[in-house]
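# A structural model of the following input is requested.
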Amino acid sequence: MSVIDRFHRMKGWKKIGYHFVIMPDGLIFVGRSLNEAGAHTVGHNEKAIGVCLLGNFDEEGIPEEQWASMKYLIAFLMHRFHLHPTDLYFHRQFAQKTCPGSKLDLGTIRTVIATTLPDAEQRYEEILKEGQS
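Just a heads-up that it's a prediction; the model follows:
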């Protein structure tokens, strides 16, 4: 994670550009606060949440642990910010890049997020209740 932060600082940014980075083992790192605009997609940083999946998904599939973390994190965020899976986009839709990689299909991920949402919403609300007691 510090490597990404250093790389982004070398570009002149004040810190890492993503709000979250998901490692291949499923560990999720928080980059920027959700109260701060990201620095991940030119023209969309003010209204987007940047989630980075660490890996080369042009050459390899996503590990199971990373997949599980991704689907729950995105579903939690969708619930929290009242978004729909169709509000999810890949970086490659806004830049001449393949991010997050040609082996990942947006339609499939949107479907997985949609089926994960009910469970994620329930878990989110349980976490909130635990935090209030």
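# For the residue nearest the centre of the chain, give me its contacts.
In the chain, the centroid-proximal residue (C-alpha atoms, centre = their mean) is V51; its distance is 2.4 Å. Residues counted as contacts of V51 (C-beta atoms under 8 Å, 6 or more residues apart in numbering) are 18-22, 70, 73-74, 77. Every C-beta, even on glycine, is put in place using the N, C-alpha and C of the backbone.
# swap the cut-off to 6 Å and go again
Applying C-beta atoms under 6 Å, 6 or more residues apart in numbering to V51 gives the contacts F20.
# who's it bridged to?
Residues in a beta bridge with V51, per DSSP bridges, are F20.
# Against R32, how distant is it?
Going from V51 to R32 by C-beta to C-beta, to the nearest Å gives 11 Å.
# Distance of the residue nearest to the centre of the chain relative to D119?
Noted for V51: a distance of 19 Å to D119, by C-beta to C-beta.
# Who are the packing partners of the longest helix belonging to the chain?
Criterion DSSP state H: the longest helix present in the chain is helix 106-132. Packing partners of helix 106-132 (3 or more C-beta pairs under 6 Å, 6 or more residues apart in numbering; DSSP states H and E): helix 64-80.
# I'd like the distance from the helix it packs on to the chain centre, please.
In terms of C-alpha atoms, centre = their mean, to the nearest Å, the centre of helix 64-80 is found 8 Å from the chain centre.
# Mind listing residues that contact that helix?
Residues outside helix 64-80 that contact it (C-beta under 6 Å, 6+ apart): 22, 24-26, 28, 49, 112-113, 116-117, 120-121, 124.
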